[in-house]
Structure formats: C-alpha cells, structure tokens
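**Student:** The following comprises the amino acid sequence and a computationally predicted model.
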Amino acid sequence: QKEVEQNSGPLSVPEGAIASLNCTYSDRGSQSFFWYRQYSGKSPELIMSIYSNGDKEDGRFTAQLNKASQYVSLLIRDSQPSDSATYLCAGKGGFQKLVFGTGTRLLVSP
Amino acid sequence: KAGVTQTPRYLIKTRGQQVTLSCSPISGHRSVSWYQQTPGQGLQFLFEYFSETQRNKGNFPGRFSGRQFSNSRSEMNVSTLELGDSALYLCASSLPRGDRGGNEQFFGPGTRLTVL
C-alpha cells in the first residue's frame, strides 16, 4: 500500500473554476503535510504547508487537513491556465522522511 | 536569499561509470535530502543528511551514497552506473524543526543524469 495516494488525473477544469485536488495517507504518525507544484521539466515548488486540522488559506489556494479521515486536499480558486501543472502531496512525521504521492496532473483550459 | 543550487545541471555518462552530484542548500539550512525522479516511479527518497550525519535512508542499493560537509553542502555519488539510473536527481534543503515534524523542504533545479 502506498503511503500517500493521489489520483494521477488529468483533472481538467475550465478557466475561472475551482480545482479540487485530493490526497490520502496511511501513516497516522504523519503530522505535517505539503503541497508542491511541478511544471514539466522543472523541480517541485512548495505552495502550501498545513499542520493542523481544518483549512489554511493563502491567496487563491486553500489547503484542508482532516487527520481523522487521513485526508488532505488543495483547492485552487479562479483557476488559470498558468496553474496547469502536476501537484504533489507529501506528508511527514517527526524526523521521518518526507513521503510524496505520485502527483495529480491539472489542466486548466482557457 | 539564494535558493538551493545543484551542479552540474546536466550530465551524460556511460554504463559502469560513476558520478558525483553536488548540492548547496539555502543559507542557514542544515538538512539536505536527495530524491530521484523518473516518469514511472515519481519522486523516490534517497537519503537525508543533517549536521553531517545521515538521518534517513531510502530503499536504494549501496551504489548510491552521499555525504554532507560541515558547511551543510552535500554530495551524492552513484557508482557503477546502470541504464535505469537515468533520472532527475533533486536536492532539497530545510530548517529541521523537531516539533511536530514540520519542516518545509525547498528544492533545487535538479541534475538531469542520462546513462548511455
């Protein structure tokens, strides 16, 4: 069983819509969660981190964490074509390694 | 503040050779992690160094090794290269915080290794 799971997509949304990206994890010891964006041919870029249950907002991005359900999500409001990329979810507990999902490819059409 | 730097950016080697990749973390960051990224396997964790000590290790053969220097710069070495070692090798640095495990990792641009 993979420790962090994501739907590979692609997730297609029209410009201006809300994109909802989801991630589940199996290790209940995971305490910190991160969302990275990776454009084709580039390295991952950290866009959000979340440590507590609930929502965390930063501009057009909202991360949601539900530890009871072992579920993390990322909402992108007013999606733009420039948001088209692969979004990687990652989780970490204590001094353990950061574990990544395989990523969800997002396509935003004009 | 300058970001994570990796050298070289591109490398072409032949089977059986060895290679050394270098990573300079963000100033003040003391933890460096290495990852291998391939289209089929995604991001795979290689190892993590903190204060010159390997703190975590992924499931890679002993041909993959690394080290960290006192200035937090890190190198990884792959010996006896195989075709399957062709990948993007990424380094990430962080300010390790032991509390609740929260430490954000910032990636360098990567080294694209091609093994012929």
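**Tutor:** All right, it came through fine.

**Student:** What separation is there between A:Gly9 and chain B?
**Tutor:** With distances taken as Cβ to the nearest Cβ, to the nearest Å, A:Gly9 is found 13 Å from chain B. No exception for glycine: its C-beta is placed from N, CA and C like everyone else's.

**Student:** quick one: terminal-to-terminal distance for stretch B:11-21?
**Tutor:** Length of stretch B:11-21, first residue to last, Cα to Cα, to the nearest Å: 9 Å.

**Student:** in that stretch, what's buried?
**Tutor:** For stretch B:11-21, burial by neighbour count (16 or more other Cβ atoms under 10 Å in any protein chain shown) applies to B:Lys13, B:Val19, B:Leu21.

**Student:** how about a markdown table for those, with secondary structure added?
**Tutor:** Putting the buried residues of stretch B:11-21 into a markdown table (DSSP: H, G, I helix; E, B strand; the rest coil) gives the following:
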| residue | secondary structure |
| --- | --- |
| B:Lys13 | strand |
| B:Val19 | strand |
| B:Leu21 | strand |
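
**Student:** Closest one of those to chain A?
**Tutor:** B:Leu21 (13.6 Å; Cβ to the nearest Cβ).

**Student:** can you pull the pLDDT of the closest one?
**Tutor:** Looking at B:Leu21, its pLDDT reads 98.

**Student:** Any stretches of chain A with poor pLDDT?
**Tutor:** Along chain A, the model assigns pLDDT under 70 to residues A:1-2, A:94-95.

**Student:** Go ahead and report the secondary structure state at the residue nearest in space to the middle of chain B.
**Tutor:** Centroid-nearest residue in chain B: B:Trp34, 2.7 Å away (criterion: Cα atoms, centre = their mean). With three-state DSSP as the basis, B:Trp34 sits in strand.

**Student:** what's near enough to touch it?
**Tutor:** With contact taken as Cβ atoms under 8 Å, 6 or more residues apart in numbering or on different chains, B:Trp34 is in contact with B:Cys23, B:Phe45, B:Leu46, B:Phe47, B:Glu48, B:Gly66, B:Ser74, B:Met76, B:Tyr89, B:Leu90, B:Cys91, B:Ala92.

**Student:** ok, now B:Thr20?
**Tutor:** Taking Cβ under 8 Å, 6+ apart, we find B:Thr20 in contact with B:Glu75, B:Met76, B:Asn77.

**Student:** of those residues, buried ones?
**Tutor:** For those, buried by 16+ other Cβ under 10 Å: B:Glu75, B:Met76.

**Student:** Would you mind listing what in chain A touches chain B?
**Tutor:** Selection of chain A residues close to chain B by Cβ under 8 Å from any Cβ of the partner chain yields A:30-32, A:34, A:36, A:42-46, A:49, A:51, A:88, A:92-103.

**Student:** For chain B, see how far away the closest residue to A:Gly16 other than its chain neighbours is.
**Tutor:** Spatial nearest neighbour of A:Gly16, chain neighbours left out: A:Asp78 (5.8 Å); criterion: Cβ to Cβ, 6 or more residues apart in numbering or on different chains. Separation of A:Asp78 from chain B (Cβ to the nearest Cβ) stands at 25 Å.

**Student:** What strand or helix carries A:Asp78?
**Tutor:** Secondary structure assignment for A:Asp78, by DSSP states H and E: no helix or strand.
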